[in-house]
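Peer 1: Would you be able to build a 3D model of this:
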Amino acid sequence: MNKLVLATALALAGSIFTGAALTPVLCAPIEMDDVANEQAKEKLELEDMRHELKDIKGEVNGAMQGLGQLQHMLNDRIANPAKEYHLFAREAAVDIGGGVKIKTITYNGNIPGPQLDLREGQPVRIVLHNQLKVPTSLHFHGLIVPHNVDGLPRSKSSAPPSVPGTFRGGPGTAGGAVTVSLPERMVKPGESYGFQFVPQGQGTYFYHPQIVHMEERTRGLYGAIIVHPRTGKQADVDQVLMIGELKNESEAAKDPNARPIYIVNGKTAPYIPPIEVRAGERVRLRLINVCEETVPLHLSGHKMEVVSNNGSDLLEPRVFRDTIALNPGERMDVEFTAGNVGVWSLASEKVSQTTSNGKFPAGIALVVRYQEMKGQQATPQ
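Peer 2: Model prediction:
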């Protein structure tokens with residue numbers, strides 16, 4: 001029985017391995033080069049995806065930085081808004097003291113015009129309204145601002161579209177020269193113009209018409225600009241003195257040789273308000289000479305420390321003077337400590353600038369008066 005089963009099993013096994021109906025399965029050989037190519041291709045695709053993700057990340061970071069900068073600018077504008085001033089150039093009769101009125105031209109009806117108190121880094125917009133019968137312009141004396149704010153002005157009717165510059169070798173120039181567009185800021189009667197800039201450099205400056213309209217300055221078109229520091233200790237008393245001269249046209253019509261009337265902040269002596277101080281105070285005087293001649297100014301009873309000359313830092317440290325000379329167009333900041341109680345003279349050393357028809361006081365003569373002496377005579381002695 002066992003032999004029969006074994007024989008049958010062997011017969012079936014033989015039919016499986018040798019039957020015509022059953023054929024062996026053949027597998028195609030795998031090429032190793034194809035596998036390597038596929039892997040390299042996948043690696044390149046992964047690398048490309050990595051670069052794309054990196055670029056996207058960079059763009060997102062850049063956008064976020066841009067949004068951060070924009071937010072910073074918005075916050076800065078909210079915290080540091082632009083100041084705006086309006087100057088109206090117009091004719092007016094100004095009282096120079098004692099009821100004497102002179103018909104002249106002014107900013108906002110007064111001589112000097114409004115004091116512009118600016119701060120370093122704070123944007124400002126100054127709008128000039130010309131209510132005169134002739135064109136005018138505006139110059140920011142001593143301030144360093146862009147050409148499109150304070151360059152020599154041209155009227156629209158006379159200005160060429162552009163003027164070849166003299167700079168050489170600048171980028172984007174043709175033939176080594178640049179073309180500079182001229183600003184059109186000659187303000188005609190009835191027109192207005194806005195000047196916008198960010199003041200830099202603390203100091204004492206002033207505004208007046210450009211050199212093409214210089215005669216308007218001699219008739220009263222000027223005013224002080226003070227650029228205050230962002231931070232820092234201020235003087236206890238901070239006083240601007242604009243020293244100018246006016247021609248009385250009615251007197252000039254009678255006498256062509258009549259001398260001009262010298263004024264300080266629009267008044268002539270003895271009608272110039274005194275500088276009021278208290279003992280122990282630190283006093284700063286911002287002196288601006290709008291005259292056409294030098295003014296030698298003497299302060300009695302004190303030594304003045306020159307702390308700034310024409311908006312600049314000290315030229316030499318710890319300079320003390322009792323008399324300083326101001327040339328036309330110059331500004332000088334001086335300080336002193338109120339340590340000598342009394343009523344003291346601050347006046348020009350030129351007789352012609354402190355008298356009128358031989359009478360004193362007149363012109364550039366005022367007093368520094370201590371509050372402790374209030375009620376004392378305020379006329380310079």
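Peer 1: Do I have it right that G220 meets I111?
Peer 2: Yes. Contact criterion C-beta atoms under 8 Å: G220 and I111 qualify, at 4.3 Å. The way it works is simple: take the backbone N, C-alpha and C, and place the C-beta from them, glycine included.
Peer 1: Buried ones in the longest strand seen in the chain, by neighbour count?
Peer 2: Secondary structure of the chain read by DSSP state E shows that its longest strand is strand 83-97. For strand 83-97, the neighbour count (16 or more other C-beta atoms under 10 Å) marks Y85, L87, F88, A89, A92, V94, I96, G97 as buried.
Peer 1: who's in contact with the second one?
Peer 2: Contacts here follow C-beta atoms under 8 Å, 6 or more residues apart in numbering; on that basis L87 touches Y107, N108, G113, P114, I126, V127, L128, H129, L138, Y207, G223.
Peer 1: ok, it to Y370 distance?
Peer 2: 36 Å (C-beta to C-beta, to the nearest Å).
Peer 1: Equivalent analysis for L287, please.
Peer 2: 20 Å.
Peer 1: V334 now?
Peer 2: Relative to Y370, V334 is positioned 18 Å away (C-beta to C-beta).
Peer 1: Surely V290 and E216 touch.
Peer 2: No. With contact defined as C-beta under 8 Å, V290 does not count as touching E216 (11.9 Å).
Peer 1: ok, those two, which is more surrounded?
Peer 2: Taking neighbours as other C-beta atoms under 10 Å, V290 and E216 compare with V290 leading, 27 against 21.
Peer 1: And G358, what's its pLDDT?
Peer 2: What the model reports as pLDDT for G358 is 84.
Peer 1: That one: neighbour count?
Peer 2: By other C-beta under 10 Å, the residues close to G358 number 7.
Peer 1: Please apply the same query to E120.
Peer 2: If we define neighbours as other C-beta under 10 Å, then E120 has 15 of them.
Peer 1: where's it relative to G203, distance?
Peer 2: Applying C-beta to C-beta, the value for E120 to G203 is 10 Å.
Peer 1: any shared contact partners between the two?
Peer 2: Residues touching both E120 and G203 (C-beta under 8 Å, 6+ apart): V227.
Peer 1: Could you check how many residues crowd around the closest residue to E191 other than its chain neighbours?
Peer 2: Closest residue to E191 apart from its sequence neighbours, by C-beta to C-beta, 6 or more residues apart in numbering: N130 at 5.6 Å. By other C-beta under 10 Å, the residues close to N130 number 22.
Peer 1: next one: V334
Peer 2: 23.
Peer 1: Now name the helix or strand holding it.
Peer 2: strand 331-337 (DSSP states H and E).
Peer 1: And the contacts of that strand?
Peer 2: Defining contact as C-beta under 8 Å, 6+ apart, one finds that strand 331-337 is touched by 142, 203-206, 235, 280-289, 299, 302-311, 321, 324, 326.
Peer 1: I'd like to know which of those residues are buried.
Peer 2: For the contacts of strand 331-337, buried by 16+ other C-beta under 10 Å: 142, 203-206, 235, 281-289, 299, 302, 304-311, 324, 326.
Peer 1: Show me the domain layout of this protein.
Peer 2: What automatic domain parsing lists as the domains of the chain is 81-151+185-230, 233-381.
Peer 1: Run the chain-centre distance for the longest one.
Peer 2: Think domain 233-381. 28 Å (C-alpha atoms, centre = their mean, to the nearest Å).
Peer 1: Relative to P114, how far out is the nearest residue to R259 once chain neighbours are set aside?
Peer 2: Once flanking residues are discounted, R259 sits nearest to S352: 7.1 Å by C-beta to C-beta, 6+ apart. Applying C-beta to C-beta, the value for S352 to P114 is 30 Å.
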